[in-house]
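**Student:** Whatever this is, show me its structure:
(chains A and B)
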There are 2 protein chains.
Amino acid sequence: MASLGDIGLAAAINILSAIGFLLAFAVLRLQPLNDRVYFPKWYLKGIRSSPTHSGNFIKKFVNLDAGTYLRFLNWMPAALRMPEPELISHAGLDSTVYIRIYLLGLKIFVPLTFLAFAILVPVNWTGGTLERFKNLTFSDIDKLSISNVPPGSERFWAHLVMAYVFTFWTCYTLYKEYEIIASMRLHFLASENRRPDQFTVLVRNVPPDPDESVSEHVEHFFTVNHHGHYLTHQVVYNANRLAKLVENKKSLQNWLVYYQNKYTRNPKKRPTVKTKFFGLFGKAVDAIDYYTAEIEKVTTAEAAERIRVVGDPKSIMPASFVSFKTRWGAAVCAQTQQTSNPTLWLTEWAPEPRDVYWSNLAIPFVELTVRRLIMAVALFFLTFFFMIPITFVQSLANIESIKKVAPFLKPLIKRKVVKSFIQGFLPGIALKIFLILLPTILMTMSKVEGFTSLSKLERRSASKYYLFLLINVFLGSIIAGTAFQNLDSFIHQSASDIPRIIGVSIPMKATFFITYIMVDGWAGIAAEIIRLKPLIVFHLKNTFLVKTEQDREQAMDPGSLEFGASEPRIQLYFLLGLVYSVITPILLPFIIVFFSFSFVVYRHQIINVYHQQYESGASFWPDVHRRIITAMIISQLLLMGLMSTKDAAQSTPLLLALPVLTIWFHIYSKNRFESAFVRFPLQDAMVKDTLERATEPNLDLKAYLQDAYLHPVFHSEGSEAAINEEESNSLVPTKRTSHRSTPVGSRYGSEVGSEVEF
Amino acid sequence: MASLGDIGLAAAINILSAIGFLLAFAVLRLQPLNDRVYFPKWYLKGIRSSPTHSGNFIKKFVNLDAGTYLRFLNWMPAALRMPEPELISHAGLDSTVYIRIYLLGLKIFVPLTFLAFAILVPVNWTGGTLERFKNLTFSDIDKLSISNVPPGSERFWAHLVMAYVFTFWTCYTLYKEYEIIASMRLHFLASENRRPDQFTVLVRNVPPDPDESVSEHVEHFFTVNHHGHYLTHQVVYNANRLAKLVENKKSLQNWLVYYQNKYTRNPKKRPTVKTKFFGLFGKAVDAIDYYTAEIEKVTTAEAAERIRVVGDPKSIMPASFVSFKTRWGAAVCAQTQQTSNPTLWLTEWAPEPRDVYWSNLAIPFVELTVRRLIMAVALFFLTFFFMIPITFVQSLANIESIKKVAPFLKPLIKRKVVKSFIQGFLPGIALKIFLILLPTILMTMSKVEGFTSLSKLERRSASKYYLFLLINVFLGSIIAGTAFQNLDSFIHQSASDIPRIIGVSIPMKATFFITYIMVDGWAGIAAEIIRLKPLIVFHLKNTFLVKTEQDREQAMDPGSLEFGASEPRIQLYFLLGLVYSVITPILLPFIIVFFSFSFVVYRHQIINVYHQQYESGASFWPDVHRRIITAMIISQLLLMGLMSTKDAAQSTPLLLALPVLTIWFHIYSKNRFESAFVRFPLQDAMVKDTLERATEPNLDLKAYLQDAYLHPVFHSEGSEAAINEEESNSLVPTKRTSHRSTPVGSRYGSEVGSEVEF
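**Tutor:** Purely as a prediction, here's the structure:
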């Protein structure tokens, strides 16, 4: 067990490394060369332009103004300066609410820390249990924790009362925050400009009709059953193959540009390329000619596929985006059941056009439930048995098996440095690679489950990831052994023993988690701000691919807040904070540092860097709320388990009331607020409709909505005409992101439907 | 442990007692005097009239036709003869579907029994474990059960396979039945005549408005937000005090009639009554004068209260029944959210007028969640600690404490007969009274929870009662000790031990449950058909209160299927059948006899006797389905526990798949069918609207709906005019039960709003 001194040393190391990252960031961000890596959002907004246009040659690449280096932390106040309403219009509600999670962490834990240090720390410090056992090794940290209070002591009343106070404070803060965010969301939705998704409903499982095409069937059904409200609809094409061709063409075009650049720089020698197996084998041919011919081929195939998709009735999926004359009509259709068979004509709010996950639109109902069953079972096995394949890979990656498989490497392996590298590093790599891939694996699982919007996919992945972190990082760190071994032993333990076993080891793991917070939290966040990967990728692309200013914009990778991967990690800190708030309050300041540092860093990132792929209007908040509630209940159960080993049995019934009250609070706040994130109230729809009718009486809504929900691959000039047979004189051009300024919108389109512009 | 012979004897006794009840029923039902007790439904329908009108004097009371006695079982084929569509129109869908629960039991258990007897019984019989231990006492029943199979035997594969077969068969049957009942419900709703609830939505939590009355506020809100659909509305009066006065008046009138009859029979002496403390103390006064004066007083108070309720804005609750021009409009309003605050303007389908539970209409949202929390905690304590007050009462009711409290009873108690009666009988009585009162207690708890319709109250009570039976009867019989002791020991046992401990005792309790089925099931059902309580009450009323033919109709008590009390009892038999189907198949025939006998008896009762208070269109079926699924999962877990003690560990993973599949099946069928019981699809609404517009273009819907949702106490001629200020020329009279024939409807009204006709 580490002493306060050890922890202080570790803190110093981590603080130094964080400062190192910050210094590196300060230097890198000031170089004009990196401007597009650290400020891509402003470029996308069209506000900032390349500094390379003006000034002398060196200044284009290196910042020589020494004064700017001295103020190397001045991005921090700058990040905090932008007021929230401006932030919402600049970065969207999703991002703004996302950083409020950190703020919520501060709101919860700052008062908790003060209270805990004012009351619990003195109570624990003077407990004097550990000093009595002279032979016991203990550290100052343990003296500050509940371990120092003698069993059966009256002092536990302090912990009991504080558990109640902390619970009430957390619930109060959560409630207030839910209220604020619900009103922010409603205000955001109410003040939004006209958007296609306000008028549109996604209809799935359109039943087949022997006499009518899907399009006619949809039109007739909604004309009859939403008489006077139905306006138009857009059928969904199965354009997955076409999208793949377009994707392929883009990659070929990249290679063509690369070789053309190479040739321009060195005109003496025409570049060649081998055609088989990723350019490793086969005959070497002239690269520029080869890629030009390949692009020609793909273009022909693409055109043929385009005609097939539009013409073939089989490529029309039994799903459709149905638009209504008013928001009221759409709100009604999205919230009601259409037919007596609840598995047909399923209606839901259409996601934003750029939020749609197109490939999942045609999964039938029965298959959906089967897919979800399989994925639930798969998630169980992934969570509890993920160590098995990793152990297998690790066993392959040891020295003996390498010797067997590749005997020619023997002399190399025999060298001591290489040997120790393999022994010490390789087994870890398999696990590390798995953990890096995990969010992608979970996202793929969510995709298999068949959700139709990116925002929902992210939310589902976040739930899965949280479960994984909870079981494998939190419980796995507290109890030794793999998750499955623990599960097996828990099944054979009584329900009252499980919290006790975990509860007892909680205080002993405090130093471990403090170190974890510093390494993963502090240094991790500082590393985030450098954006090492986008930095390298941008410079590579800039060197090899970029010819024009437009190409340079393509090379930017603003990235985004990856909700599915990052939110569950924040939740881990909430869990740690809540669990240790009563048991080892010394951990709380570390959590606070994490939350405040993250708050500043991510505020900077969403202002200057990230560009969200979609805007869901903070619809993830109920998940955030629910997971904090889960953390509270876990902390209460563990405290109960710990108390029961401390001969403080009288506390059990009192502590039992806490989870009951917490669950009740959850139900109450769910009833009170959740529907604001799920449904769209008729009153608000009516207000917006009335306003619009008054201000724009001559609006041609049908033309506005015509192509809003066309598959992105069709959004190019050539093919649009092919689809647009009925109405070619569209007054309003297709604006998939009409609520943003046009240059951003069109550039944005190049990200989602990036196949077109090239 | 009982042998097959003992069970046979018990069966014989119970069969004899059942036959005794049936004979008594056969005799009693043929007496013209009892005609109104055994055939009240036909009187209510207006089809049957009193046999006392015709024939000679004796024949009026006693049936002398010997031939009818010989055919004493001929009600059984008669009960089965009525085809289902006729049954639906005669007794309603609720009752028809209710008896289908018994049919479902037969559908599940008859094939299960054949399979179990063909495969499992031979496998068990030849297992030969019990015979090896000569000193062990065992019975033939045990030889037929899984106990006779040696541990680790390959024979368990038979049980394993059968567990799968039984699960699949049960799921298949459940699925088919859900499908049938969903389509019956949809067909019932589609073929229904016009009813007020099709057009009406119940709105709760109307927010207060400083400038407008509730009525105006409702009207403005819906005129704006359901523009073109809103028709009219009916505010809800807080008439609970008025209803109490009306109730009180009715009771006084009953007493007046009683004394008038007494005086008519014995004109020499005017009857007197004491006025204080339930007629036990105080001055004796002339009874007829006293009650006439009292009725006068109450009538005055009632009139004053009536004026106060209608006039006082405070007596208008923040709730309202809002009616729409079309079913489509009502369906839309019921299924959508109205405002951004989801706790205001809560809309739901209005229950049938006679299904409304008026007192609960004004509970605010916050209070509702608090009430539910309190009731959940109360239910927990009731389920686990109900023995504490009963033990307390029992300890009071023993001989020593009676001697202390009432020493004058000492000589009586000393007599041996009295003593043994007190010792043997009194302690049981406290428990028995509690069990009789339990459904009422649970119903009161559901009322406190604030549900607004009788059908929902019954469904909630049924859920509570099922929990109670499951824990206290099923688990309580298997494991000795009170429920709380078991809960306490289970908390200290591991999750894998609990099914094992229960699973092991399951085979040993088979004989107990067989006896239970015979006593509670067979004899209990036979006793049901005699209707002892209504028989006595009717004859008492007939003797003392009845003067006119109309009075005699009032004296009838047709009763109803009490879903909240009777459905959970059926579920207990499903649970027993499913649990024992693999373990001790000999129990299955007893279950089958129960289901088939109940089916015939209850079919007879719903045809001839019961008169449902409301018609919910079988909306309870999802509950029935869910509870059978629960029973399946319990049976699978217990089988797993039992198998694990039989050294058949290889079966655990195979058995583990069963509950997972069952839960998945539950989710699937819930998604597939449940919404048919909760929501009203727009397509069906539109079809009915269109049809109605075509057939009755001149319908005055507003007049039709005007008074449909008036509180029943206002449904008398005098006061209706007072409410009906705006529109007194109502073309269509208030038909609260317009889908029934008028005589029944109006007579029915006298039950719910029975305060009026007197």
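**Student:** Provide a list of residues in contact with the one residue sitting closest to the centre of chain A.
**Tutor:** The residue lying closest to the centre of chain A (CA atoms, centre = their mean) is A:F563, at 1.8 Å. For A:F563, the contact set (CB atoms under 8 Å, 6 or more residues apart in numbering or on different chains) comprises A:D94, A:Y98, A:E458, A:R459, A:A462, A:F620. C-beta: built from backbone N, CA, C; applies to glycine.
**Student:** and what of A:H711?
**Tutor:** Applying CB under 8 Å, 6+ apart, the residues near A:H711 are A:V236, A:Y237, A:A239, A:A243, A:W358.
**Student:** can you tell me which of those residues lies nearest to chain B?
**Tutor:** A:V236 (21.8 Å; CB to the nearest CB).
**Student:** and A:D209, that one's in a strand?
**Tutor:** No: with DSSP: H, G, I helix; E, B strand; the rest coil as the criterion, A:D209 is located in coil rather than a strand.
**Student:** I'd guessed it sits against A:V218; true?
**Tutor:** No: using CB atoms under 8 Å, A:D209 makes no contact with A:V218, being 9.8 Å away.
**Student:** What is the burial count for A:I390?
**Tutor:** 17 (other CB atoms under 10 Å in any protein chain shown).
**Student:** correction: A:W157
**Tutor:** 14.
**Student:** Helix, strand, or coil at A:K274?
**Tutor:** A:K274 ends up strand, using three-state DSSP.
**Student:** quick one: the strands in the stretch 201-350 of chain A?
**Tutor:** A:230-237, A:272-276, A:281-286, A:316-324, A:346-349 (DSSP state E, counting those that start in this stretch).
**Student:** For the stretch 351-500 of chain A, what lies in contact range of chain B?
**Tutor:** A:365-366, A:369, A:373, A:377, A:490-497 (CB under 8 Å from any CB of the partner chain).
**Student:** Tell me which helix or strand A:M443 sits in.
**Tutor:** In the assignment (DSSP states H and E), A:M443 maps to helix A:416-449.
**Student:** Could I get the CA-only coordinates of the next helix or strand after that helix as PDB?
**Tutor:** Next in sequence after helix A:416-449, counting helices and strands by DSSP H and E, comes helix A:454-468. Provided in PDB are the C-alpha atoms of helix A:454-468 (Å, rounded to 0.1, in the frame of the first residue of the first chain):
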ATOM      1  CA  LEU A 454     -25.900   7.000 -36.000                       C
ATOM      2  CA  SER A 455     -27.000   8.800 -32.800                       C
ATOM      3  CA  LYS A 456     -28.800   5.700 -31.600                       C
ATOM      4  CA  LEU A 457     -25.900   3.400 -32.600                       C
ATOM      5  CA  GLU A 458     -23.600   5.600 -30.500                       C
ATOM      6  CA  ARG A 459     -25.900   5.500 -27.500                       C
ATOM      7  CA  ARG A 460     -26.200   1.700 -27.700                       C
ATOM      8  CA  SER A 461     -22.500   1.300 -28.000                       C
ATOM      9  CA  ALA A 462     -22.000   3.500 -25.000                       C
ATOM     10  CA  SER A 463     -24.300   1.300 -23.000                       C
ATOM     11  CA  LYS A 464     -22.400  -1.800 -24.000                       C
ATOM     12  CA  TYR A 465     -19.000  -0.200 -23.300                       C
ATOM     13  CA  TYR A 466     -20.200   1.000 -19.900                       C
ATOM     14  CA  LEU A 467     -21.200  -2.600 -18.900                       C
ATOM     15  CA  PHE A 468     -17.800  -3.800 -20.100                       C
END
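**Student:** In helix A:454-468, which residues are buried?
**Tutor:** A:454-468 (16 or more other CB atoms under 10 Å in any protein chain shown).
**Student:** next one: it to chain centre, how far?
**Tutor:** 8 Å (CA atoms, centre = their mean, to the nearest Å).
**Student:** And the contacts of that helix?
**Tutor:** With CB under 8 Å, 6+ apart, helix A:454-468 has contacts from A:351, A:355-357, A:379, A:382-383, A:438-439, A:442-443, A:445-447, A:449, A:451, A:562-565, A:567-568, A:571, A:613-614, A:616, A:619-620, A:623, A:627.
**Student:** Now the buried members of those.
**Tutor:** Neighbour-count burial (16+ other CB under 10 Å) applied to the contacts of helix A:454-468 gives A:351, A:355-357, A:379, A:382-383, A:438-439, A:442-443, A:445-447, A:449, A:451, A:563-565, A:567-568, A:571, A:613-614, A:616, A:619-620, A:623, A:627.
**Student:** how much space between the closest residue to A:L379 other than its chain neighbours and A:T584?
**Tutor:** Taking CB to CB, 6 or more residues apart in numbering or on different chains, and ignoring the residues beside it in sequence, A:L379 has A:K464 as its nearest neighbour in space, at 5.8 Å. Shown here: A:K464 relative to A:T584, a distance of 30 Å by CB to CB, to the nearest Å.
**Student:** Ok, A:N341 next?
**Tutor:** From A:N341 to A:T584 the distance is 56 Å (CB to CB).
**Student:** So these two - more neighbours on which side?
**Tutor:** A:T584 (27 against 20).
**Student:** OK, contacts around that one?
**Tutor:** Taking CB under 8 Å, 6+ apart as the test, what A:T584 contacts is A:I141, A:L144, A:S145, A:I146, A:I506, A:P507, A:A510.
**Student:** Give me the phi and psi for it.
**Tutor:** phi -140, psi 80 (degrees, to the nearest 10).
**Student:** now the closest residue to chain B within the stretch 201-350 of chain A, nearest residue through space, not along the chain?
**Tutor:** As assessed by CB to the nearest CB, chain B sits closest to A:P342 within the stretch 201-350 of chain A, at 4.0 Å. Nearest residue to A:P342, sequence neighbours excluded (CB to CB, 6+ apart): B:S675, at 4.0 Å.
**Student:** That neighbour and B:S463, how far apart?
**Tutor:** 20 Å.
**Student:** go on, A:I592?
**Tutor:** For A:I592, the distance to B:S463 (CB to CB) stands at 45 Å.
**Student:** Contact partners for the residue in the stretch 1-150 of chain A that chain B sits nearest to?
**Tutor:** Going by CB to the nearest CB, chain B is nearest to A:L93 of the stretch 1-150 of chain A, at 15.3 Å. Taking CB under 8 Å, 6+ apart, we find A:L93 in contact with A:M184, A:R185, A:F188, A:E615, A:G617, A:A618.
**Student:** Now do the helix holding A:M443: which elements does it pack against?
**Tutor:** Applying 3 or more CB pairs under 8 Å, 6 or more residues apart in numbering or on different chains; DSSP states H and E, we find helix A:416-449 packed against helix A:365-385, helix A:387-396, helix A:399-405, helix A:410-414, helix A:454-468, helix A:563-583.
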